[in-house]
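Engineer: Can you look at this prediction? I've put the sequence above it.
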Amino acid sequence: MCGIVAYTGDRDAYPVILKGLKRLEYRGYDSAGIALVNHGMKIFKKMGKVAALEESLIGIELKAKAGIGHTRWATHGEPSDRNAHPHKSTNGKLTMVHNGIIENYSLLKQDLLKKGYKFESDTDTEVLLKFIEDIYLNHGVSLEEAVRIALKRVVGAYVIILLNEDDPQTLIAARKGSPLVIGIGKGEHFLASDATPIVEYTKEVVYINDYELAIVRPDELILKNLGNERVTPEITQLDMELAAIEKEGFEHFMLKEIFDQPVSIYDCLRGRLDAKIGSIRMEGVDKHLDQLVNANRILIIACGTSWHAGLIAEYVIEELCRIPVEVEYASEFRYRNPVVNEGDVIIAISQSGETADTLVAIEKAKENKAFIFGVVNVVGSSISRQSHAGAYTHAGPEIGVASTKAFTAQLVILTMIALRIAYTKKTIDQTRYLHLINELHEIPDKVSLILQETESIRRLAEKYQDARDFLYLGRGYNFPIALEGALKLKEISYIHAEGYPAAEMKHGPIALVEESLPVVFVATKDAYHEKILSNAQEIKARKGKVIAVITEGDTLFKEVADDVMVVPQADELVAPLLSVIPLQLLAYYIGVAKGLDVDKPRNLAKSVTVE
Ligand code: F6R
């Protein structure tokens, strides 16, 4: 949440920062702002999206060789010009951008108020900056030392970058809990919340760790810990192409990412699953196979869409591996007193690898000596680095705020892990093992087939776009897909939607059914097919509208349903990889039909780095 960018070097800083902010806008779009030193400190900020800031700056002289920028997801203080970052110090010489939350800001603020400081915004960021300023001006220390002293007093999460009018090409940055990447160019450095603003200029990056402070000049990067000891920067090569973060002709990132899925699923399988010889090899799994196979219990921790992937994994792992699995919301897990023992394996699932609740939940489980396995999309992210082992999903950058291709990649990884464990544990017979490997291998082609038939889904979206509520029902492996379908619709179209296990309908939600209520059945062919068909009949009997995701050739369900979305035949264990696709498209097209910004739905941000 909140995106930050900074530059120091020989280029014109403004276009670099502006472009970077556009790339990071998925992290928050309540306001945007830039600070540059150009005949004194200049701050430009505006409520709303980066484009609004850009427009307001047309015709203004913005030449500078260094600067900082911010795109905000509001925490402390409503979205407004006043609360937009960068914030400035009382003497106007320092400006700062911040991503995170300073939890003890109100105590710090009271002290500063007593000393006569005044505040122009409602933000915790301005408090931290003025706290740093107070130390800097009154304790006879360098700015770097003032930052270090201040951060030792801070409770919370942060990435901060400071720009100093008196030393404009030296940026001071620090992190705890929120991400920061520094790109190393020739005589220049780029700082950002993730690598997307950097990849265009350099592939050499350093991921900054918690409690590290970076002093960044055009030709120098000094890393220190909060104890003022030097830390050697670990340079990583970025494995990301510029094309992957551009729309490539699609109207929205979300649509591009839905259409990416045949390739992203294939990339996830590539080098791991070999259908010809019937094998699965996953480095992170193979190295720790004993731990996984002998787990007393597997605990899956995640949030949102990733949590839905975890729910499906629970069904798959218990079915194939006979290991008890529990799935927890990270936000609940971290604050309760869960039973975690040494033989437990924690699987943490996260697209961004930065979700604050998941990160803290991992730390908590680690304290209890559990083994942490991360299933993460963003390479080098905090969760991947905090895990003992893991597997990257390799879905490529996901920029649309609603998760689509990361979800299917998570399912693929989790299914491969289950198969690998089951095969070693001998809880699966050879025939079924080979059959499921083959089923996974065929998924990319089957997803392509669904994506060839999107026009009918678009028409369906137009037909139902004015519905006030939606109900999504599924059973077995498709129950979490009902939850996921409802979540996608809610976040993209702002239509109220609920997902339920189909049989639970009779225990309450059926009271909602009336002529105007569309009920989406996720009803691909599986062991419960007749049961879910009966549930659909029950909705029809009450005049509800039945929309169904069905397997091709399913004439029975087609007769009952008002509308259908058809997917190819697949084993029920991998069917969620197909049944979710029409639901992603339905949500997308309804959002578009309603004229909404599907890539940046209101109030949301992609990387939830605050709890
Ligand atoms: C929904 C969505 C969110 C995320 C959740 C966890 O479309 O994207 O529900 O799934 O915020 O994020 P990650 O997976 O980055 O930990």
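Structural biologist: Sure, I can see it. Only a predicted model underlies this, so the values are computations on that prediction, with no experimental measurement involved.
Engineer: CA atoms for contacts and neighbours, from now on please.
Structural biologist: Will do.
Engineer: The protein against the ligand: which residues are in contact?
Structural biologist: Residues of the chain found near the ligand (C-alpha under 6 Å from any ligand atom) are 303-306, 350-353, 355, 401-403, 488, 607-608.
Engineer: So of those residues, which two are at opposite extremes in space?
Structural biologist: Greatest spacing in the residues of the chain next to the ligand, by C-alpha to C-alpha: Gly353 and Lys488 (20.2 Å).
Engineer: tell me the domain boundaries of this protein?
Structural biologist: Per automatic domain parsing, the structural domains of the chain span 3-244, 249-451, 455-593.
Engineer: and those domains as CSV, adding mean pLDDT and mean neighbour count?
Structural biologist: Shown next, in CSV, are these (pLDDT from 0 to 100; neighbours: other C-alpha atoms under 10 Å):
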stretch, mean pLDDT, mean neighbour count
domain 3-244, 95, 20
domain 249-451, 95, 21
domain 455-593, 95, 21
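Engineer: Determine which of the ones you listed approaches Pro601 most closely.
Structural biologist: Of all the domains of the chain, domain 455-593 comes closest under C-alpha to C-alpha, at 5.9 Å.
Engineer: Tell me how far the closest one lies from the chain's centre.
Structural biologist: Distance, stretch centre to chain centre, for domain 455-593: 25 Å (C-alpha atoms, centre = their mean, to the nearest Å).
Engineer: how far does it stretch from start to finish?
Structural biologist: End-to-end distance of domain 455-593 (C-alpha to C-alpha, to the nearest Å): 13 Å.
Engineer: again, but for stretch 485-501
Structural biologist: 13 Å.
Engineer: Equivalent analysis for stretch 16-32, please.
Structural biologist: Distance between the two ends of stretch 16-32: 15 Å, counting by C-alpha to C-alpha.
Engineer: what does stretch 188-196 give?
Structural biologist: Per C-alpha to C-alpha, the first residue of stretch 188-196 is 17 Å away from its last.
Engineer: Name the residues that touch it?
Structural biologist: Residues external to stretch 188-196 that are found in contact with it (C-alpha atoms under 8 Å, 6 or more residues apart in numbering): 3-10, 20, 23-24, 178-184, 198, 216-219, 238, 245.
Engineer: Pick out the residue closest to the middle of the protein.
Structural biologist: The residue lying closest to the centre of the chain (C-alpha atoms, centre = their mean) is Ser352, at 3.8 Å.
Engineer: which residues touch the residue lying closest to that residue once chain neighbours are set aside?
Structural biologist: The shortest distance from Ser352 to any non-neighbouring residue, by C-alpha to C-alpha, 6 or more residues apart in numbering, is to Val378 (5.4 Å). Counting by C-alpha under 8 Å, 6+ apart, Val378 touches 351-353, 392, 394, 396-397.
Engineer: From these, which land in strands?
Structural biologist: If you go by DSSP state E, the contacts of Val378 have Tyr392 in strands.
Engineer: So the residue lying farthest from the centre of the chain, which state does it fall into?
Structural biologist: In the chain, counting by C-alpha atoms, centre = their mean, Gly140 sits farthest out from the average C-alpha position, at 42.0 Å. Following DSSP: H, G, I helix; E, B strand; the rest coil, Gly140 is assigned to coil.
Engineer: Look up how far the ligand lies from the closest residue in space to Gly187 that isn't next to it in sequence.
Structural biologist: Leaving aside its chain neighbours, Gly187 sits nearest to Asp219 (4.5 Å; criterion: C-alpha to C-alpha, 6+ apart). Here the distance between Asp219 and the ligand works out to 33 Å (C-alpha to the nearest ligand atom, to the nearest Å).
Engineer: Repeat that for His388.
Structural biologist: On the measure of C-alpha to the nearest ligand atom, His388 and the ligand end up 17 Å apart.
Engineer: go on, Ala511?
Structural biologist: With C-alpha to the nearest ligand atom as the criterion, Ala511 and the ligand are 27 Å apart.
Engineer: what does Tyr423 give?
Structural biologist: 28 Å.
Engineer: Let me know whether my guess that that residue is in a helix holds.
Structural biologist: Yes - counting by three-state DSSP, one finds Tyr423 located in a helix.
Engineer: gap between it and Glu318?
Structural biologist: For Tyr423, the distance to Glu318 - C-alpha to C-alpha - is 13 Å.
Engineer: before we move on, what about Val560?
Structural biologist: 33 Å.
Engineer: Likewise for Leu578?
Structural biologist: Taking C-alpha to C-alpha, one finds Leu578 at 21 Å from Glu318.
Engineer: Leaving out sequence neighbours, find the closest residue to the one residue in the stretch 1-150 of the chain that gets nearest to the ligand.
Structural biologist: Closest approach of the stretch 1-150 of the chain to the ligand (C-alpha to the nearest ligand atom) occurs at Met1, with a separation of 10.1 Å. Excluding the flanking residues, the one nearest Met1 by C-alpha to C-alpha, 6+ apart is Arg27, at 4.6 Å.
Engineer: The one you found touches His70, doesn't it?
Structural biologist: No - using C-alpha atoms under 8 Å, Arg27 is not in contact with His70, being 10.1 Å away.
Engineer: what's the strand or helix carrying Leu223 packed up against?
Structural biologist: When elements are assigned from DSSP states H and E, Leu223 belongs to strand 220-225. Judged by 3 or more C-alpha pairs under 8 Å, 6 or more residues apart in numbering; DSSP states H and E, strand 220-225 is in contact with strand 212-217, strand 230-231.
Engineer: partner strands of the shortest one, parallel or antiparallel?
Structural biologist: Taking DSSP bridges as the criterion, strand 230-231 forms sheet pairs with strand 220-225 (antiparallel).
Engineer: could I have the strand it pairs with exported to PDB, CA atoms only?
Structural biologist: The C-alpha trace of strand 220-225 is given here as PDB (Å, rounded to 0.1, in the frame of the first residue of the first chain):
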ATOM      1  CA  GLU A 220      27.400   5.400  -4.300                       C
ATOM      2  CA  LEU A 221      25.100   3.200  -2.300                       C
ATOM      3  CA  ILE A 222      25.900   2.700   1.400                       C
ATOM      4  CA  LEU A 223      23.900   0.300   3.400                       C
ATOM      5  CA  LYS A 224      24.000   0.300   7.200                       C
ATOM      6  CA  ASN A 225      22.000  -1.300  10.000                       C
END
